[in-house]
Every structure is written in structure tokens, then in C-alpha cells.
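**Student:** Kindly return the folded structure for what I paste below:
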Amino acid sequence: TQSFNRPGIPARNPPSDKCTYKLIANNGVLMKPYIVSEVHSAKTGELVYRRKPEVLIDTKIDPQYFNFIQRAMRGVVTDGTAKWGGAVLAVDAAGKTSTSEVLGQLTHSWYTAFAPFGSGDKNDLISVTAIVEHAGAGSAIAAPLVSEILEAYFACVDLDTAKRNIWIKRAQARKNSQQG
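**Tutor:** Predicted coordinates for the structure are as follows:
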């Protein structure tokens, strides 16, 4: 992808990227983002509040077009630029590595992923974006951060355990590639 912008004015930003990728992951439907899905009483455990899913945008575009992009983004994780850095054990993820240029400086590292890949339920999907300024390639810097967050979320483990699990998988993959 290529963005043209005036100096000092970002052509893209994390919220707009997340909206774009959520539209892709949800076959053209953008759900309203939320932070809290349920609230339970600390005393009784009774459900006090439950968020109701809300559609913000429904493009009505044929899902086959989104399926093509979803498969391409899955390929980024399985065979592409995020094969090493975007590895997640607990769930199938799809992602897009990026960099944004800063004149005369090291590029910003970007990576956005969504999971679970192939989920038919719009409410199951989460999307995570990491941007590390002046850090270089998205596959090497931002993708590992996102993969660790996704691993922790879907494996229901702390971030240190998620990171350790992923590094074990990366080491095994490297060993297998050197033998093969």
C-alpha cells in the first residue's frame, strides 16, 4: 500500500487501519467498538449490564471479495512477511505488515492482525495493531508484539507465558527450516 500526504499530516492512523481491517475480517460489516462487554455485581455475581452488538457500517459488498483479502492476510502469517513474527499458537490469525516512511529517519513499524481467522461470528473477532516509531520493518518489530497479545488473549495466559510459548515455536520453526 502507498499513502501520499503533506509533511506533518499522517495519511493513515491506527484507528482508521483497525476499521479497515475489521471491515475485511467481518465481510464488509463494521461493528461498534467497545471496551466492556458485561458487568457483574461484585456482591451477587448478577449480570448488571450486557453490551448489545451494534453495526456501524454494512457495505453490502459480496463476501467473496472480502474472503479473497482475508485469505491473502492469512497467507501473510502462514507464508509471508509475518511468518516468523506473526506466529500465534492458540488461534489462527491473519495480518498485514507495514512500514511508514519518515523522511531521513528509520521507518515506523506497523502490524495489524485479526483473529480468529475464519470465524463466522462477528462478535468473536478481535483486532490488534502495533506501531513502533522509527523501528524498521513491521514484520520484525511490530508483528511479534501483536502475536504475543493475541496469544495471551486466546490462550488465556499472561503475556510472559504467551511470549515464551511463541518463542519456543519460533525456535522450532527455525530449527526445522535449517534441517530441511
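**Student:** which residues in the chain form helices?
**Tutor:** Using DSSP state H, the helices of the chain run over residues 14-25, 63-78, 142-155, 159-179.
**Student:** Can you give me the neighbour number for Ile149?
**Tutor:** Applying other Cβ atoms under 10 Å, we find 19 residues neighbouring Ile149. Where C-beta positions appear, they are placed from N, C-alpha and C, glycine not excepted.
**Student:** For it, which non-adjacent residue is closest in space?
**Tutor:** Closest residue in space to Ile149, ignoring its immediate chain neighbours: Val128 at 5.1 Å, by Cβ to Cβ, 6 or more residues apart in numbering.
**Student:** so that neighbour sits right up against Pro144, yeah?
**Tutor:** No. Under the criterion of Cβ atoms under 8 Å, Val128 makes no contact with Pro144, lying 11.9 Å away.
**Student:** hmm, back to that, pick the most deeply packed of the helices of the chain.
**Tutor:** Highest mean neighbour count among these (mean count of other Cβ atoms under 10 Å): helix 142-155, with a mean of 23.
**Student:** For it, name the packing helices and strands.
**Tutor:** The contact analysis (3 or more Cβ pairs under 8 Å, 6 or more residues apart in numbering; DSSP states H and E) places helix 142-155 against strand 94-102, strand 105-115, strand 126-132, helix 159-179.
**Student:** Each with direction, which strands does the third one pair with?
**Tutor:** According to DSSP bridges, the neighbouring strands of strand 126-132, each with its direction, are strand 105-115 (antiparallel).
**Student:** got the angle between the strand it pairs with and helix 63-78?
**Tutor:** With axes from the mean of the first three to the mean of the last three Cα atoms, to 10 degrees defining the directions, strand 105-115 sits at 120 degrees from helix 63-78.
**Student:** Just give me the residue right at the centre of this structure.
**Tutor:** Ala113 (1.8 Å; Cα atoms, centre = their mean).
**Student:** so that residue sits right up against Val77, yeah?
**Tutor:** Yes. Assessed by Cβ under 8 Å, Ala113 is found in contact with Val77 at 7.2 Å.
**Student:** Can you work out which residues contact both of the two?
**Tutor:** Counting by Cβ atoms under 8 Å, 6 or more residues apart in numbering, the common neighbours of Ala113 and Val77 are Gly86, Val88, Ala93, Ala94, Gly95.
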